[in-house]
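Q: Provided below are the primary sequence and the corresponding predicted coordinates.
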Amino acid sequence: MRLSEIMSGPVVTILPTAAAAEARKAMKQARIRHLVVMGRARQILGVVCAHDLRGTEPGSTVGDAMSAPAVTLPPGADVQEAAKLMRRRDIGSVAVVEGGRLAGIVTTSDLLGLLGKGALHVQPTPKKWTLPKRGPTHRPARRRS
């Protein structure tokens with residue numbers, strides 16, 4: 001399964017100069033936990049999540065709290081690749097970028113929802129076997145003449 005099939009969009013973005021309180025308010029209104037931080041030239045600078053904003057000072061900005069640089073993947077990337085990347089880097093979201101533009105976002109909630117639906121079935125590794133008296137380990141008996 002590809003990220004394009006499960007990504008959320010349009011993505012709510014915020015400027016790095018915005019106040020941390022403004023980011024919390026935007027998250028609460030949109031009922032989300034991640035905002036992509038975009039520069040004025042529409043480049044992706046980082047991601048800020050609700051956890052990053054906890055305990056911030058009253059005068060702090062999003063730029064002070066965000067995680068940068070943002071981790072990105074193309075829409076054609078495999079869901080398992082995203083899950084491994086998120087686990088390895090200990091992050092809660094991956095920005096989906098296509099052609100240099102923000103196309104969507106995939107969060108741990110999206111991956112858990114997919115798993116809950118049973119969309120990812122882990123296939124057991126098949127056992128290797130050979131037929132009796134055949135295969136690379138079989139040495140045929142010599143014939144008597």
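A: That came through fine.

Q: Please count neighbours and contacts with C-alpha atoms only from this point.
A: OK.

Q: Any chance of the backbone angles for residue 60?
A: Backbone torsions of residue 60, given as degrees, to the nearest 10, read phi -70, psi 150.

Q: quick one, what contacts it?
A: 19-20 (Cα atoms under 8 Å, 6 or more residues apart in numbering).

Q: Tell me where the model's unsure across this protein.
A: 118-141, 143-145 (pLDDT under 70).

Q: which stretches of it form strands?
A: In the chain, the strands defined using DSSP state E lie at 13-14, 34-38, 44-49, 72-73, 93-98, 101-107.

Q: between those strands, which gets nearest to residue 1?
A: Proximity to residue 1 (Cα to Cα) singles out strand 101-107 among those, at 12.9 Å.

Q: Run the chain-centre distance for that closest one.
A: Relative to the centre of its chain, strand 101-107 is centred 9 Å away, using Cα atoms, centre = their mean, to the nearest Å.

Q: residues of that strand that come out buried?
A: For strand 101-107, a neighbour-count test (16 or more other Cα atoms under 10 Å) marks 102-107 as buried.

Q: any chance of the residues you listed in JSON lines, plus distance to residue 2?
A: Formatted as JSON lines, those follow (distance: Cα to Cα, whole Å):
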{"residue": "102", "distance to residue 2": "16"}
{"residue": "103", "distance to residue 2": "13"}
{"residue": "104", "distance to residue 2": "13"}
{"residue": "105", "distance to residue 2": "13"}
{"residue": "106", "distance to residue 2": "11"}
{"residue": "107", "distance to residue 2": "14"}
